[in-house]
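Enquirer: starting from these lines, generate the structure:
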Amino acid sequence: MVFQQIATYVVEALGLTGSLRAAAHFWIYDTLKILSILIVVIFGVTYLRTYFPPEKIRDYLQGKRAITGYALAALLGIVSPFCSCSTIPIFLGMVGAGIPFGVTITFLAVSPMINEAALVVLPGVVGFKLTALYAVSGIVIGMSSGYTLNKLGFDRYIEEFNFGDSDVEIDEPSRRERAREAYVEAKDIIVEIVPYVIVGVGAGAAIHGYLPGELVTQYLSGPLGVFGAVAVGVPMYTDILGVIPVVESLIGKGLPVGTGLAFMMSVAALSFPQFMILNKVMKKELIAAYATTLATGILIIGLLFNLIL
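Expert: Take a look at the predicted model:
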């Protein structure tokens with residue numbers, strides 16, 4: 001593969017050897033591979049997304065039967081924007097449009113946890129098996145969290161908020177307008193994501209080159225490793241695409257798959273900045289319950305997969 005050849009050429013030209021060579025090769029190869037995939041995928045997805053603006057997502061979910069609404073919310077969450085901060089405005093529109101509470105929570109949970117770019121990048125990094133486990137687990141956690149909070153009546157903890165006019169007419173753009181809109185959005189997303197990818201791959205490269213595998217298997221392979229992965233992931237605010245290379249390196253050093261999944265999910269779905277924004281529309285009781293249900297689901301998934309895989 002051309003990226004392998006470029007990485008090999010650079011480390012040989014620099015005369016690198018040993019751990020430094022392994023780390024530098026990993027950093028160059030994974031950075032080029034992930035960024036090239038991202039550029040293609042993000043433009044394609046943002047173009048397709050012009051057919052599903054937030055208003056249409058809200059309208060699709062409105063009036064659906066419970067099980068259909070939960071399933072649609074999870075699937076639409078996957079093709080929605082790339083981080084929780086950009087998902088929240090859609091969540092507000094759904095709440096304002098009167099979409100069932102559990103359905104809106106499902107969308108809010110799945111959207112940052114699973115995104116389409118990650119699903120394209122993951123198979124080439126950690127394999128199809130882990131990618132499928134990640135996607136299915138994220139959907140199950142999102143739907144079960146939405147159902148549980150709805151059944152427990154936590155919708156009463158939504159703050160009074162001016163949700164704006166939910167009956168705005170939307171003009172259908174032409175193909176050229178969609179392409180232009182997709183280009184602008186894709187450029188903004190790529191510019192925003194690139195630093196996370198470079199830093200994330202750099203961290204993964206350092207782990208790949210220097211972290212002894214014995215440390216990973218000794219301290220992160222037991223049940224407490226899953227709890228530690230979630231605890232470390234919560235205060236982090238980064239894009240999941242920057243976390244993937246780190247998890248790739250840790251799994252390569254012996255990290256159990258379930259612990260790796262738990263870390264990726266907690267970073268994406270349980271960030272402090274997200275909770276700060278949600279504080280404007282959710283009371284603290286709902287935020288605490290939302291975080292608890294997601295964290296519980298992530299811990300169960302991590303422990304379960306560590307047990308059976």
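Enquirer: C-alpha only now, for contacts and for neighbours.
Expert: Noted.
Enquirer: ok, now how distant is the spatially most central residue of the chain from Val79?
Expert: Residue closest to the mean C-alpha point of the chain, counted by CA atoms, centre = their mean, is Met113 at 3.5 Å. With distances taken as CA to CA, to the nearest Å, Met113 is found 11 Å from Val79.
Enquirer: next up, identify which helix or strand Val199 is on.
Expert: Secondary structure assigned from DSSP states H and E places Val199 in helix 175-210.
Enquirer: which helix or strand lies directly C-terminal to that helix?
Expert: helix 213-219.
Enquirer: other SSEs contacting the helix or strand just after that next one?
Expert: Moving toward the C-terminus from helix 213-219, the next helix or strand (DSSP H and E) is helix 223-233. With contacts defined as 3 or more CA pairs under 8 Å, 6 or more residues apart in numbering; DSSP states H and E, helix 223-233 has these neighbours: helix 257-269, helix 284-308.
Enquirer: which of those comes out lowest on mean pLDDT?
Expert: Sorting the helices and strands packed on helix 223-233 by mean pLDDT places helix 257-269 lowest, at a mean of 85.
Enquirer: Glu160 contacts Lys280, correct?
Expert: No - look at Glu160 against Lys280 with CA atoms under 8 Å: they stay out of range, at 9.3 Å.
Enquirer: who has more neighbours, the two?
Expert: Lys280 (13 against 10; other CA atoms under 10 Å).
Enquirer: what's the neighbour count on Gly252?
Expert: By the criterion of other CA under 10 Å, Gly252 has 15 neighbours.
Enquirer: go on, Phe263?
Expert: Neighbour tally, Phe263, other CA under 10 Å: 29.
Enquirer: who's in contact with it?
Expert: 226, 229-230, 232-233, 247 (CA atoms under 8 Å, 6 or more residues apart in numbering).
Enquirer: picking up where we left off before, what residues does the residue nearest to the centre of the chain make contact with?
Expert: Contacts of Met113 by CA under 8 Å, 6+ apart are 138, 240, 265, 268-269.
Enquirer: got the phi/psi numbers for it?
Expert: When read as degrees, to the nearest 10, the backbone of Met113 gives phi -80, psi -40.
Enquirer: buried ones among the contacts of Phe263?
Expert: If you count burial by 16 or more other CA atoms under 10 Å, the buried members of those come out as 226, 229-230, 233, 247.
Enquirer: flag the shaky bits of the chain, pLDDT-wise.
Expert: 1, 53-55, 57-58, 61-64, 81-87, 89, 161-171, 235-239, 273 (pLDDT under 70).
Enquirer: I'd like to know which of the contacts of Met113 is nearest to Leu38.
Expert: For the contacts of Met113, the residue nearest Leu38 by CA to CA is Ile240; the value is 12.5 Å.
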